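Trainee: predicted coordinates and the sequence they were generated for:
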Amino acid sequence: MGSHRMRTLRPWLLLAPTLALMAVLLAWPLGRVVWLSLQNYGLRELNRGTTNFVGFDNYVSVLTQPYLWTIVLPNTIGFAVVTVVGTVALGTLVALFLATLPVAWRYLASSAVMVAWAVPAITGTYVWVFLFDAADGLVTHALGGLGVIETGSVNWFLERWSFFGIAALNVVHHGFPFVAVTVLAGLLTVPTELYEAAVIDGAGAWRRFWSVTVPVLKPIFAVVTILSTIWDFKVFAQIFLMPGGSGTNREVFNLGVWSYIQSFAQGRYGLGAAIAVLLTLLLLGITVVYLRTLFVEEDL
Amino acid sequence: MRKSMAGMAAGILVVSLASCGDAGGSGGSGGSTDGGGKKLTVWIMEGTNPDASAYFETVTSTFKAKTGADLDVQMVPWSGAKDKFTTAIAGGTTPDVAEVGATWTPEFAEAGAIADLGDKVSAAGLDSDLVGSLKEAGTYDGRLYGMPWYAGVRSMLYNKDVFAKAGITTPPKTWAELTTAVEKIKKTQPKVTPFPVPGSSEFTATPFVWGGGGELATQSGGRWKSGLADPKAVEGITFLTDLALEHGSSTPAAATWTEKDALTAYAKGDVGMVVAGSWTPATLAQDAPEVAKKTGAFVMPGKSGMAPSAVGGSHLSVFETAKDKDLAWQFVQLMTTGDLAKKWGEESNYFSGQKSALDAQLASASDAQKVFATQMTQGGRTVPVTPQWGKVQGKKVIPTMMQSVLSSKADAKTATDQAAKDMDAAFAGN
């Protein structure tokens, strides 16, 4: 009896340090955000340490705003879909290309690719903003020189589509090296016999990719897609730092920026927390769906 | 959690009060407190004065000589300062004294984070010497929470060469003259941007709201109400945005510019005139001496004569967490009166928050500084003094309004209506 209890207890004992650490670093802040989201909480409450519970008012207020459904959610989801597809597609193409290179060149080229990943998001964002600067940017001068537009006559940051176009270039450029390097590592483990057999069977490059590479690398694609989805859903700096993204252009808010502006710019921490909770739930939902599809297929 | 911390803080307070009593407590507001062995933590905003570190070394040694207490001056960049204050308020780790942006003071006072300085100021006989607009901005519920330290105001800077080539002999005094000046520059120098209208700048727009007799917001019966949708305010915004859109005074890029971006463009030399702060000629002289040499200043043109412009600035506030408030006040007094205040004015190019010091400063001012001084003393206004104004600014109500007109997504009427709604929602706490 005692040894049985010991047997069930032992894994938990071994896990205890990790669980304790996670409780402090993850569960407590998460719980605190949920606790905040149920209150009308401003600077006054913050200073006095008082509480001001309002039930689900913040959630009702967020969920009943047409602004959420017509602007913020489409921005968040649309942007994530485009950038995840873009990042994974570009990353995979680069990985396939890198895999064909001789080893020395492969190292050189993948190091070069990694530079884009190593650049901090803030620096990268400013570079793209400079490139598209309406008055003096490289792009306006190039298009002006070609006669497509009159130099300095277009401000791309004002329109929702062009704003997110630039943001997508930035995010894809920043995110693809991770995908490329991870997929490359996977590609190098695919047994070459599989490809040889496929060639003998008369499969072309396209067919070999979809019938050999993709099935073998499925777990890797799942991981890079989930991670990219999480990153691209909660993108903040890349939007906030663009002209108009910090609050003057309400057409371009996503959930992260909206939550920040409600909490920190307007001191409505409860409402901001409610938005953050909704964003977390959305991400959890997506992750669960991904993982389920992945594991269900593994079981078969 | 918070309760136990508050309890702890109260405990510490009792202990320190008790120990104060043992020492005999000489701390009258006029006399000097014995601060030997004590340390005062001070936050000063960064980006206002290039020589700040040298200045604060002097302050530290003077303070030590006077009170025996040590100073720990920490520089905090303006950007992100509000977040830092908020976090510190939440964690109970606010400094003893801090420079607080004038529009934040009522907000911090309402939250109960900063101390009422009214009695100390009157006991020191400084009441009547405070610059009016800054005193008003530092007052919440009839009590003074922010000691006026320094002030700045926005007027117009212009490029004398551009004006000469366009044949403009005297700078514009009214809206009509401003339009004529823009047209003359446009005609004679097509490569020059006559007057960029930055879409992300609150203080470029406000003089035009006021300049036609409009109001940002008015208070009646204790409630604030936006005035942006009133015809006079709409007229001002229409005039300003028409300058950009109809008369080509601006450039499409400016629709997302901040005030700083506009000044950067001006510093390149191909801009006619720009709305700029009284501290910017000094910056310009450093960054672009060639352009600075041919730069003049004129007061904000209004519909008929000078338009009011927003006076901004900083207060020094004592936080409720300060253990020795008398010592903290001594520091505030040291900084805002006498030699150190004078030196700060000379080095920072800001106007003093004390009338007597301001007069002394103006006696030796440059031509441009005199223009700004006229603007401040005769045409200076504060933005609505209410804790909610911080939320209006946080919501970027005015920049959002400007940007939507400058990007042609809305006309001035629609945009001001929306802005008035947004502002009223912020006043109502939504």
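Mentor: Structure received. Numbers count the residues shown, from 1 in each chain, chains lettered A, B, ... in the order given.
Trainee: okay, whichever residue of chain A sits closest to chain B: pLDDT?
Mentor: Across chain A, the shortest distance to chain B (CB to the nearest CB) belongs to A:Gly49, at 2.9 Å. Bear in mind the C-beta positions are built from the backbone N, C-alpha and C, glycine included. Per-residue pLDDT puts A:Gly49 at 80.
Trainee: that one: neighbouring residues, count only.
Mentor: 15 (other CB atoms under 10 Å in any protein chain shown).
Trainee: same question, B:Asp261
Mentor: B:Asp261 sits with 20 neighbouring residues when counted by other CB under 10 Å.
Trainee: quick one, what contacts it?
Mentor: Contacts were defined as CB atoms under 8 Å, 6 or more residues apart in numbering or on different chains; by that measure B:Asp261 touches B:Pro198, B:Ser200, B:Ala254.
Trainee: for B:Gly302, phi and psi?
Mentor: B:Gly302 has phi and psi values of phi -120, psi -170 when expressed as degrees, to the nearest 10.
Trainee: is it in contact with B:Pro207, as I believe?
Mentor: Yes: between B:Gly302 and B:Pro207 there is a contact under CB atoms under 8 Å: 7.5 Å.
Trainee: that older thread, next up, phi/psi of the residue of chain A closest to chain B, please.
Mentor: The phi and psi torsions at A:Gly49 (degrees, to the nearest 10) take the values phi 70, psi 20.
Trainee: and it, how far is that from B:Ala113?
Mentor: In this view, A:Gly49 and B:Ala113 are 12 Å apart by CB to CB, to the nearest Å.
Trainee: per-domain residue ranges of the chain.
Mentor: As the question left the chain open, I've gone with chain A. Domains of chain A are assigned by automatic domain parsing as A:1-26, A:65-299.
Trainee: ah, I was thinking of chain B
Mentor: Segmentation of chain B into domains, based on automatic domain parsing, reads B:31-152+B:312-368, B:154-309+B:388-427.
Trainee: can I get these in a markdown table including mean pLDDT?
Mentor: Listed next are the domains of chain B as a markdown table, based on pLDDT from 0 to 100:
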| stretch | mean pLDDT |
| --- | --- |
| domain B:31-152+B:312-368 | 88 |
| domain B:154-309+B:388-427 | 94 |
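Trainee: stretch B:198-211 and chain A in contact?
Mentor: Yes: contact of stretch B:198-211 with chain A is found when judged by CB under 8 Å from any CB of the partner chain, involving B:Gly199, B:Ser200.
Trainee: starting at the chain centroid, how far to that stretch?
Mentor: Averaging C-alpha positions (CA atoms, centre = their mean, to the nearest Å) puts stretch B:198-211 14 Å from its chain's average.
Trainee: what residues of it count as buried?
Mentor: Buried residues in stretch B:198-211, counting neighbours by 16 or more other CB atoms under 10 Å in any protein chain shown, are found at B:198-211.
Trainee: could you export that stretch as CSV, CA atoms only?
Mentor: Coordinates of each C-alpha in stretch B:198-211 appear next as CSV, following Å, rounded to 0.1, in the frame of the first residue of the first chain:
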residue,chain,number,x,y,z
PRO,B,198,2.1,67.1,-38.5
GLY,B,199,-0.8,64.7,-37.9
SER,B,200,0.6,63.2,-34.7
SER,B,201,1.1,66.4,-32.8
GLU,B,202,-1.5,67.5,-30.3
PHE,B,203,0.0,71.0,-29.7
THR,B,204,0.1,72.0,-33.4
ALA,B,205,-3.6,71.7,-33.5
THR,B,206,-4.6,73.3,-30.2
PRO,B,207,-3.6,76.9,-31.1
PHE,B,208,-5.9,76.7,-34.1
VAL,B,209,-8.8,75.5,-32.0
TRP,B,210,-8.2,78.4,-29.6
GLY,B,211,-7.3,80.8,-32.3
